[in-house]
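Engineer: Pasting the sequence and the predicted model now:
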Amino acid sequence: MSRFRNILFFVLVFLLQLIITDYLHLGSWVMVSLLPFLILLIPLQRREHIVLLSAFGLGLLLDLLSGGVLGLNAFAAVMTAGPRKFLYRILVNRDRQDKTEIPLLRDIGWVKYFKYLLSLTAIFLAAYILLDCVSVRPVGFILAKFTASTLVSTALGLLMALSFQNRS
Amino acid sequence: MNNRSGLPSTLTAIILFLVLAALSILLVVENGVVQRYRILGAVRNMQAWCWTRTSNIAHYFNYRTENERLSAENRQLHERLSRYEAAARQLDSVSVRIEPDFSYIGANVVKNTVDQQHNHLVLDRGREDGVEPGMGVVAPQGVVGIVGAVSSHYAYVFSILGAGQSVSAKLSRSGAFGPMTWPGIEPDRMLLSEIPVHIQDAPGDTVLTSGYSTIYPPDIPLGLVIETKVSKGSSQELSVQLFEEFRTLHHVYIVKNNHKAEIEALYEQVP
């Protein structure tokens, strides 16, 4: 039942991301992405190649359904999924025997959770914005967009994490 | 034992990571709009149905403004028509080409993005309405983009508000022309570049389509020059305030160049 709920929550967050992409227009300076949070939700015990393929599929599906440039979200998702476990170990738990399935706010605490989600979001947005804007937009614009987008996306990710915790 | 089995697994993960990253970059470079339309098929039609409904709701609350805009456009078209009729009466003894250079297909915008680096639109006209990839899309107060892909009833349009897109434009007073591109920040500002430095009366001038392409008709007003800047010492870069409000775009026209095939055949003859 809990697993079914997790899957349902995952699907709902993905649909929310689709709605955000299609209907929430915050201007050229901010992009909101919940994909880093969705990548965080993939259970930690999954094998690396499953995580990478899942992230790639998730990004590609969003690219296909949102009508944007095909491959942008897929690239950023792969870049985020790659170092995910490494980041978890250095930012959250150095114990390699950790059996946590999905990191929850109440289990690892606000500060560690925030650092972990912020890192994933920053990697995702750096990859996305660089691939989208590099060599065609000024550096100042890229940096401002990256900063604003990381802050907004991390805040929304934390809200989702709170909601997920209450359901678990 | 764990270490021995862990090494190939890590190596596989690294290789897979690199392959997926490379594949994604390849997809970005290709930007396969046409492939996407083939892959999605029914899903895209269902999405377009949803976009049409939500777009209708949004425009329901904008009817008064939309009516005023259409009324103004109608008046301008009547004025132009009467000028042409007067000119035609004077030219009745001269051979006049009957077939127009461009024909137009009216369409409604069902999806429109303005805040991404590669913006796009979806229109409610498709292959069955005579729309083909490569056709231009214009609005009453400017150009909108180029059709990238079509399904039976919908068209995907690359917006001019996108990295890599450009429109050939000219200044109305001097006739100096150059490519107009979007710098990627405000949806109502574009940059007209390669204007010679000796053109000093650009500020306040109207920017029009040059007509030096087979995509857009000439002399469509695009915007006003609000700022000039010398670029690389040899030419000017002009900041243009667009007339068209992309955020509220609803009615557009898909443009078909009736002589495109003839012009392209001419190019093919050139060795």
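Structural biologist: Yep, it's here.

Engineer: count of neighbours near residue B:101?
Structural biologist: Using other Cβ atoms under 10 Å in any protein chain shown, the number of residues around residue B:101 comes to 15. C-betas here are computed from N, CA, C, even on glycine.

Engineer: residue contacts, residue A:154?
Structural biologist: By Cβ atoms under 8 Å, 6 or more residues apart in numbering or on different chains, residue A:154 lies in contact with A:114, A:117, A:118, A:121.

Engineer: The third one is in contact with residue A:147, isn't it?
Structural biologist: What it means is residue A:118. No. Judged on Cβ atoms under 8 Å, residue A:118 makes no contact with residue A:147 at a distance of 11.8 Å.

Engineer: between these two, who's got more neighbours?
Structural biologist: A direct count of neighbours by other Cβ under 10 Å for residue A:118 and residue A:147 places residue A:118 higher, at 19 against 14.

Engineer: nearest residue to the more buried one other than its sequence neighbours?
Structural biologist: Once flanking residues are discounted, residue A:118 sits nearest to residue A:154: 5.0 Å by Cβ to Cβ, 6 or more residues apart in numbering or on different chains.

Engineer: What residues of the strand or helix carrying residue A:146 count as buried?
Structural biologist: In the assignment (DSSP states H and E), residue A:146 maps to helix A:139-167. The neighbour-count criterion (16 or more other Cβ atoms under 10 Å in any protein chain shown) identifies A:141-142, A:145-146, A:148-150, A:152-154, A:156-158, A:160-161, A:164 as the buried residues of helix A:139-167.

Engineer: hmm, back to that, now, which of the contacts of residue A:154 sits nearest chain B?
Structural biologist: residue A:121 (18.2 Å; Cβ to the nearest Cβ).

Engineer: I'd guess that closest one is in a helix, am I close?
Structural biologist: Yes. Read with DSSP: H, G, I helix; E, B strand; the rest coil, residue A:121 is one of the residues of a helix.

Engineer: ok, how many other residues are close to it?
Structural biologist: Using other Cβ under 10 Å, residue A:121 has 27 neighbouring residues.

Engineer: Chain neighbours aside, what residue packs nearest to the closest residue to chain A within the stretch 1-150 of chain B?
Structural biologist: Residue of the stretch 1-150 of chain B nearest chain A, by Cβ to the nearest Cβ: residue B:27 (2.9 Å). Using Cβ to Cβ, 6+ apart and skipping the chain neighbours, the partner closest in space to residue B:27 is residue A:71 (2.9 Å).

Engineer: Tell me, how many residues neighbour the one you found?
Structural biologist: For residue A:71, the count of nearby residues is 23 (other Cβ under 10 Å).

Engineer: Pull up the gap between it and residue A:115, please.
Structural biologist: From residue A:71 over to residue A:115 the distance is 29 Å, taken as Cβ to Cβ, to the nearest Å.

Engineer: pLDDT wise, what is residue B:248 at?
Structural biologist: Per-residue pLDDT puts residue B:248 at 82.

Engineer: tell me which element residue B:153 is part of?
Structural biologist: Per DSSP H and E, there is no helix or strand for residue B:153.

Engineer: any idea how far residue B:246 is from residue B:122?
Structural biologist: Applying Cβ to Cβ, the value for residue B:122 to residue B:246 is 14 Å.

Engineer: ok, the two, which is more surrounded?
Structural biologist: Neighbours per residue, other Cβ under 10 Å: of residue B:122 and residue B:246, the larger number sits with residue B:122, 24 against 21.

Engineer: Would you mind measuring from that one to residue A:88?
Structural biologist: To residue A:88, residue B:122 is 40 Å away according to Cβ to Cβ.

Engineer: Kindly report the same for residue B:113.
Structural biologist: To residue A:88, residue B:113 is 34 Å away according to Cβ to Cβ.

Engineer: Is it correct that the residue of the stretch 1-150 of chain B closest to chain A is in contact with residue A:68?
Structural biologist: No. Judged on Cβ under 8 Å, residue B:27 makes no contact with residue A:68 at a distance of 11.4 Å.
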